[in-house]
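1. Build me a structure from this.
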Amino acid sequence: MKFITTRLKDIRPGNVLVAGYIHRLRTRSGARGRMAEVILDDRNGRATVTVYADKYQQYRQLLIKDKLIIVRGEVVADDYLDNGYAIIAREICDLDEMRNRHAALRLKLNADHAGKETLDQVRTELAGHRTGNSKVRMDYLNGNAVCTLEMGAEWRVSITDNLLESLRNILGNENVVIEYNS
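-> Reported below is the predicted structural model:
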């Protein structure tokens, strides 16, 4: 994922944006309410994420074992942990929300895709997902020219796994690209 600032094995003090699967989740009640300790795993390393009571209340629906989450937070020194650092969660979201906030969908069309049937299939798939904020851009390549068209605001979509799978079945994997902005 291009928007992640560091891998979990490389965290150092400061602000980070990391992603990983929830390997282990432990909740407990404290003086300020329920909080969570999450062990996040990105297949390169693991890190402990502390979710204090105010953030726990806000994001608890995302804290599910084996779920992929994205955490924006601050890495702080913690002598009790093996790697010496913990992440204090400031914001948590899932991949669909991250895509909806920070991604655009780029579709690459060529002469083989220019038939009415293919374009109708693409239009139908996009129309069924026009509930989001993600821009849709289309590149048309015909061997002689290249044209990029950015669809209007009424064609903004929610980029979901279902939409991506459908479009990839129609256009091919290499012709459906997610572009992340900062």
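2. where does the chain have low pLDDT?
-> Applying pLDDT under 70 to the chain picks out residues 1-2, 182.
3. rerun that using 90 as the cut-off
-> 1-4, 30-33, 77-84, 95-102, 110-116, 119, 131-132, 141-146, 180-182 (pLDDT under 90).
4. Following element in sequence after the longest strand seen in it, please.
-> Of all segments of type strand in the chain, defined using DSSP state E, the longest is strand 14-30. Sequence-wise, the next helix or strand downstream of strand 14-30 (DSSP states H and E) is strand 33-41.
5. Can you verify Asp112 is assigned to a strand?
-> No: per DSSP: H, G, I helix; E, B strand; the rest coil, Asp112 lies outside any strand segment and is helix.
6. Asn169 in helix, strand or coil?
-> Per three-state DSSP, Asn169 ends up helix.
7. quick one: the strands in this structure?
-> Using DSSP E, strands in the chain cover 14-30, 33-41, 46-51, 68-77, 85-93, 103-110, 136-141, 146-150, 176-180.
8. Could you say which of the ones you listed is packed most deeply?
-> strand 46-51 (a mean of 22; mean count of other CB atoms under 10 Å). C-betas here are computed from N, CA, C, even on glycine.
9. List the neighbours of that one that are in contact with it.
-> 8, 11, 18, 20, 23, 35-40, 59, 63, 71, 73, 78, 81, 83, 85-89, 92 (CB atoms under 8 Å, 6 or more residues apart in numbering).
10. rewinding a little: need the strands of the chain in TSV with distance to Asp120, can you?
-> Supplementary listing: those in TSV, determined by distance: least, CB to CB, whole Å:
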stretch	distance to Asp120
strand 14-30	36
strand 33-41	42
strand 46-51	45
strand 68-77	33
strand 85-93	34
strand 103-110	13
strand 136-141	14
strand 146-150	17
strand 176-180	17
